[in-house]
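Visitor: Below is the structure, and that's it, no one-letter string:
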DNA sequence: CATATAAATAACTTTATGGTTCTGTAACTG
DNA sequence: CAGTTACAGAACCATAAAGTTATTTATATG
């Protein structure tokens, strides 16, 4: 079994729109400082720092150092694990996407061949 | 954007090992009554009913009727939406899986062609 | 009709979440 | 060295989560 606690932390981290938006910005713009991250949100800086701590605990971000700044960096590995968990259920919804099911079958075969659980 | 509140509910529902185990059993065994579902867990029946309510609110299960039983049925559509959200991040982790990245590119093309967001 | 079974609901407890403001600290800057 | 910037941490609050036991409701069945 893929470590359950890790999946708990990952899915929990993803269950908040602010945190998903943070990940989206990191993916789109690369590393961002806390201040820059907080700017578009109607939320205090400590609130953002708390969200970052949740993301960090899930292994979804890491922190750098640039003088007094702590740039936030996307770490996508847990997203791969979460995707891997969800992919197992593809047979239950893939029908509506036509050939998607076959593709995902191939995908899973490749995952297995790459040593992924 | 795919409805944010729906993703909140789906990821939150998935962030608990008991609920993931319930989904796994439903996928493996088909519809199951609450009593049968509760049996393997070290947990009271009302606790399971609460988990089912969380899953139901996320649209991940529906309930049938068989005399005094309320069989639980897997509804996988929200899993597809969650997978769709995660797939967007494949570029950030797919490299390690070799040709997986190309496959997922094709997958996304098909999703778009099928009218999915 | 009385009882058993299946599940939901209520009431309660504990702990976690998500937000706030205020304060502290580390590093740059004039 | 004084002030500013960028952040973390503490203390607090309200609400939600996850569990419990006890009670209710609905349906079957002897």
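Guide: The structure has been received and is ready for your questions. Everything quoted here is computed from the prediction, not taken from an experiment.
Visitor: wait, doesn't residue A:79 sit right on residue B:91?
Guide: No. In this structure residue A:79 lies outside contact range of residue B:91 using Cβ atoms under 8 Å: 10.7 Å. (Glycine included, C-beta is placed from N, CA and C.)
Visitor: More neighbours: which of these two?
Guide: Using other Cβ atoms under 10 Å in any protein chain shown as the criterion, residue A:79 and residue B:91 rank with residue A:79 on top: 26 against 12.
Visitor: Give me the three-state assignment for that one.
Guide: helix (DSSP: H, G, I helix; E, B strand; the rest coil).
Visitor: How far does stretch A:25-37 sit from its chain's centre?
Guide: Its chain's C-alpha centre and that of stretch A:25-37 lie 14 Å apart, by Cα atoms, centre = their mean, to the nearest Å.
Visitor: quick one: average pLDDT of it?
Guide: For stretch A:25-37, mean pLDDT rounds to 97.
Visitor: Contact partners for the residue most central in space within chain A?
Guide: With distances taken as Cα atoms, centre = their mean, residue A:79 lies nearest the centre of chain A, 4.1 Å away. The contact partners of residue A:79, by Cβ atoms under 8 Å, 6 or more residues apart in numbering or on different chains, come to A:10, A:60, B:86, B:89, B:92, B:93.
Visitor: Spit out the contact partners of the spatially closest residue to it that is not a sequence neighbour.
Guide: In space, and not counting its chain neighbours, residue A:79 is closest to residue B:89: 4.8 Å by Cβ to Cβ, 6 or more residues apart in numbering or on different chains. Applying Cβ under 8 Å, 6+ apart to residue B:89 gives the contacts A:23, A:27, A:76, A:79.
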